[in-house]
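Colleague: fold the stuff below for me.
(one chain, ligands or ions: 2)
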Amino acid sequence: MDTEQTNLSLEQEQTNLSLEQVLGILRRRVPWILACVLLVAGAAYAVSKQQTKKYTATTALVFNNNQPGQQIAGLPAVSSVSPQAQQSTNVKLVQLGDMAEKTAGLLGQGLTKEHVKADLSVTAQGESNVVDVSATATPPALAAAIANTYAEQFVTEQQNSSHAYYASALQLVNKQLSALSPKERAGTAGLALQERAQSLATLAELHNGNVQVAQAATIPTSPSSPKTTRNTLIAAVLGLLLGLSVAFLLERFDRRIREPKDLQAIYGLPLLGVVPRSAALSRSAKSKSEAKGALPPSEAEAFRLIRAHLRYSNANREPRTLMVASAAPGDGKTTIACHLASETARMGSGVLLLDVDLRHPTVAQQLNVQPGPGVSDLLAGAVSISDAIQTVDLDSASADGWVRTLDVLVAGAELPSNPGELIESHAMEALLTRVKSMYEFVVIDTPPLVAVSDAFPLLALVDGVIIVGRVGRNRRDVAARLNETLVGAGAPLVGIVANGVKASRRGPYGYGYDYTAARAKRLSRAEKSERKAASEASANGGPRLEEPVSEQLSRGGMPLYGEAVDPFGRLDDPPVERG
Ligand SMILES: Nc1ncnc2c1ncn2[C@@H]1O[C@H](COP(=O)(O)OP(=O)(O)O)[C@@H](O)[C@H]1O
Ligand SMILES: [Mg+2]
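Modeller: Ligands and ions are numbered 1, 2, ... in the order given. Okay, here's the model as predicted:
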């Protein structure tokens, strides 16, 4: 696969996110999402708390639009108007007039007509004939007072005007009556007019308007603004949306390799193994006393799987000299080279670990051996190979009673000034040929390929190259560039090892750990019950049981391999054809 194709497939991968990927993004960006939610909601809460509290009180006015008085007054009843039109007329009516001024005058407290108008809102209650007069003010009592006073003023005004209306109608009827002769007055028309005059007089007396207060405003107990809870909740939702946008944006521009399968996509190589991010692996570099200690089962299994993939996926071209390479320092080349060599040696092979990182050699420190003499002395012809090789006893004595050992050729105590030249020399080529004839498996730790050019000559001298990718740290573009260089150089690339994968991660890779962890648990349970059975058997003087499972485990022999055959299902990967 060339780089263009790689980039293309990566881009496709990024645009079509699966549910699993989306969940992965959310999980990774949880701190950002939470921060956005807390920040926006917190800001809304603080701003709301800062605002002065305002209270709203409402007086309900009910209109009576079918005035019997109008008929009595001899006027047609207003009827054909739609309830909506009637309501908007009522609202307008309440807003008009000089009630604001009167209310301000009545209430005092420095109120002006403008204040009252600004604090007031008149709304219709749907199509009913109820109109709400609401006043909003800072002291709750003032809000109720404004609403009630305004409404009362309006009702009074309406009553006055209807009184005036009936009075003038009465005047008119009386005028008509006085124009009649006494005979006409006694006639039917005259009697009707007299009756109407009486009704009008009564209506005028009643001071009955077409509007009444249906419900007076009470002093509100909770503020109408600011609505702190509502504002905070809305802000939290907005913050969540912001957080999600930030998460996906960050992911879009994040050039780091996130998953082992990103490495697979970039390099187009089989995944030989996944090495978990583990304290045991991190510690080995620091605590010398534990440097050679056996790894916990799941970590050890990861290295055995790498070895199994190397050996069985490519049986006729099994690499005997294996270069462990990576783009950057700190990817875990030395860690993986050391443990891969140790685990292979534990299984009984003759293994040499060769440190060719002549700039920052750390193998000696990791395995707690003498820092020299080493490769640089050897290449300079200062020592013989047998003097330079150091032998490390791996802790566990195997089932056959042999203590497994690992041979190590460190970089050398004195670092050379020209590491590149040394590695490119014929002496280096001769050294590799020599060690290949001496050992079944040679693991070569190298300097980072992107940082320095030292390791490039080795690409042509080894049987196989594995690339270590540190998940969550390596950048895609750097990896893609390295891949381009390696393919161009015709390197015998065998596969990739994803290092530093979170062990808790689920999915196809997580399965590997669950599998090994569960297996380790199962084994320790089996071991306990076997011990119990054995002690019972020996107590009974019975025959000793077969080798306990725990020993099989620590021996790390083939039974483990046999059972652990690839939880990733990748042993069938076809041989890699590259370049
Ligand atoms: N899987 C891992 N889990 C935890 N720490 C690791 C892991 N792999 C490497 N490290 C730590 O990262 C650091 C760099 O690793 P190292 O093997 O020296 O990288 P390199 O040789 O590529 O420069 C070391 O401190 C090592 O212990
Ligand atoms: Mg290193």
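
Colleague: show me the contacts for the residue lying closest to Val450 once chain neighbours are set aside.
Modeller: Nearest non-adjacent residue to Val450, counting by CB to CB, 6 or more residues apart in numbering: Ala327, 4.4 Å away. Any C-beta I mention is one placed from the backbone N, CA and C, and that applies to glycine too. Ala327 makes contact with Pro448, Leu449, Val450, Ile467, Gly469, Asn474, Val478, Ala479, Leu482, according to CB atoms under 8 Å, 6 or more residues apart in numbering.

Colleague: CSV for these, including pLDDT and neighbour count?
Modeller: Conversion of the contacts of Ala327 to CSV gives the following (pLDDT from 0 to 100; neighbours: other CB atoms under 10 Å):
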residue, pLDDT, neighbour count
Pro448, 94, 21
Leu449, 92, 26
Val450, 87, 16
Ile467, 96, 28
Gly469, 94, 28
Asn474, 85, 28
Val478, 90, 16
Ala479, 92, 26
Leu482, 92, 22
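
Colleague: of the residues you listed, just say which sits nearest to ligand 1.
Modeller: Pro448 (6.5 Å; CB to the nearest ligand atom).

Colleague: now do the SS call for that closest one.
Modeller: When the structure is reduced to helix, strand and coil (DSSP: H, G, I helix; E, B strand; the rest coil), Pro448 reads as coil.

Colleague: what does the one 4 residues further on give?
Modeller: Here Val452 is coil, with the state taken from three-state DSSP.

Colleague: domain boundaries for this protein, per the record?
Modeller: Domain segmentation of the chain under automatic domain parsing yields 3-11+19-50+229-253, 55-225, 260-563.

Colleague: quick one on the thing from earlier: for ligand 2, see how far away the residue nearest to Val450 is.
Modeller: 13 Å (CB to the ion, to the nearest Å).

Colleague: next one: Asp132
Modeller: Between Asp132 and ligand 2 the computed distance is 78 Å (CB to the ion).

Colleague: that residue: neighbouring residues, count only.
Modeller: Neighbours of Asp132 under the rule other CB atoms under 10 Å: 20.

Colleague: that one: which element?
Modeller: Element membership of Asp132 [criterion: DSSP states H and E] is strand 130-137.

Colleague: also Ser88?
Modeller: Using DSSP H and E, Ser88 falls in helix 83-95.

Colleague: and if you look at Val155?
Modeller: Element membership of Val155 [criterion: DSSP H and E] is helix 140-178.

Colleague: again, but for Asp393
Modeller: Mapping Asp393 onto the secondary structure by DSSP H and E places it in strand 390-397.

Colleague: averaged pLDDT, the very next helix or strand once past that strand. What do you get?
Modeller: Under the assignment DSSP H and E, the closest C-terminal helix or strand after strand 390-397 is strand 403-409. With pLDDT averaged residue by residue, strand 403-409 scores 91.

Colleague: check stretch 197-207 too.
Modeller: 81.

Colleague: for it, the distance to its chain's centre please.
Modeller: Once both centres are worked out by CA atoms, centre = their mean, to the nearest Å, stretch 197-207 turns out to sit 77 Å from its chain's centre.

Colleague: buried ones in that stretch, by neighbour count?
Modeller: Neighbour-count burial for stretch 197-207, counted by 16 or more other CB atoms under 10 Å, picks out Ala197, Ser199, Leu200, Ala201, Leu203, Ala204.

Colleague: wait, Leu34 touches Gly243, no?
Modeller: Yes. Counting by CB atoms under 8 Å, Leu34 sits close enough to Gly243 to count as a contact (7.1 Å).

Colleague: bridge partners for the residue of the stretch 401-550 of the chain found nearest ligand 2, pull those for me.
Modeller: Ligand 2 sits closest to Asp445 of the stretch 401-550 of the chain, with a gap of 5.9 Å, by CB to the ion. With DSSP bridges applied, Asp445 shows beta-bridge pairing to Val324, Asp355.

Colleague: the strands in the stretch 1-150 of the chain, which residues?
Modeller: Assigned by DSSP state E, counting those that start in this stretch, the stretch 1-150 of the chain shows strands spanning 55-63, 120-124, 130-137.

Colleague: ligand 1 is nearest to which of the ones you listed?
Modeller: The stretch from the strands of the stretch 1-150 of the chain with the least distance to ligand 1 (CB to the nearest ligand atom) is strand 55-63; that distance is 61.4 Å.

Colleague: quick one: strands adjacent to the closest one?
Modeller: Looking at strand 55-63 with DSSP bridges, its paired strands and their directions are strand 130-137 (antiparallel), strand 211-215 (antiparallel).
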